[in-house]
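Visitor: Here's my sequence, what's the structure:
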Amino acid sequence: MRGFTRPCPDFALCGLSCALCPIHHMADGCPGCGGGAGNQSCAIARCSMERGGVEHCFQCEAYPCERYEGFFDYDSFLPCRNVPEDIRRARELGIDALRQEIGEKKAILTELLAGYNDGRRKTFFCTAVNLLSLKDVRRAWAEVRARYPLALPEKERGAGVAEVFRAIAAERGVELKLRKKPKK
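Guide: Numbering: from 1, shown residues only. Just a heads-up that it's a prediction; the model follows:
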């Protein structure tokens, strides 16, 4: 959307962690809402501009509004189910603390994609890093580095990393799959 910028596009207006999205990690990927040229037309961004440039929807007196009806029920490229918890934490800890966590997760995700993606695991890695807590992502990353050195074949590394994340997710009762809207 022309003329719409935000100081930190890694954490979207709506509460999605754009920095952990597979599209964000493509060569010409999405810069996140308010991240510069090429942004998609977004009703939420338009609403923000109409309301004086609110940085995050949850800071608006009208939140949650009708735009959020069913918003968290299904995923697109990125899981939506942890958005309410992220919003609660942003309110409790402060937006800067949440941005710092997202930044650390993004750094780990970037390393995973660079060294452990066998060409088939980008969405899985993004989903896992998004849905698990920072503590669990750190734990997985430490285990990955200890058990799966870059000298191993790429497929073995990718499969090993996926298993580490699945095991931690299972401990937490977290399903590492995107929830797609059923076809009509």
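
Visitor: Any stretches of the chain with poor pLDDT?
Guide: Scanning the chain for pLDDT under 70 picks out 1-3, 31-32, 34-41.

Visitor: Need the three-state assignment for the residue of it most remote from its centre.
Guide: Most distant from the centre of the chain: Ala151, at 28.7 Å, with distances by C-alpha atoms, centre = their mean. The three-state assignment at Ala151 reads coil, by DSSP: H, G, I helix; E, B strand; the rest coil.

Visitor: Could you do Cys47 as well?
Guide: Assignment for Cys47 (three-state DSSP): helix.

Visitor: Can you tell me how far it is from Asp28?
Guide: In this view, Cys47 and Asp28 are 27 Å apart by C-beta to C-beta, to the nearest Å. Heads up, the C-betas are built off the backbone N, CA and C, glycines and all.

Visitor: Looking at these two, which has the bigger crowd around it?
Guide: Using other C-beta atoms under 10 Å, the more surrounded residue of Cys47 and Asp28 is Cys47, with 16 against 7.

Visitor: wait, doesn't that one sit right on Glu66?
Guide: No. In this structure Cys47 lies outside contact range of Glu66 using C-beta atoms under 8 Å: 10.6 Å.

Visitor: how about the helices in the chain?
Guide: Ranges of helices in the chain, per DSSP state H, are 43-50, 83-93, 95-115, 122-131, 134-147, 154-172.

Visitor: tell me the most buried of the ones you listed?
Guide: Stretch with highest mean neighbour count among these: helix 122-131 (a mean of 23; mean count of other C-beta atoms under 10 Å).

Visitor: quick one, it and helix 134-147 angle?
Guide: Per axes from the mean of the first three to the mean of the last three C-alpha atoms, to 10 degrees, the angle that helix 122-131 makes with helix 134-147 is 130 degrees.

Visitor: what's next to helix 122-131, contact-wise?
Guide: Defining contact as C-beta atoms under 8 Å, 6 or more residues apart in numbering, one finds that helix 122-131 is touched by 17, 20-22, 25, 77-79, 81-82, 105, 108-109, 112-113, 116-117, 137, 140, 161-162, 165, 169, 174, 176-178.
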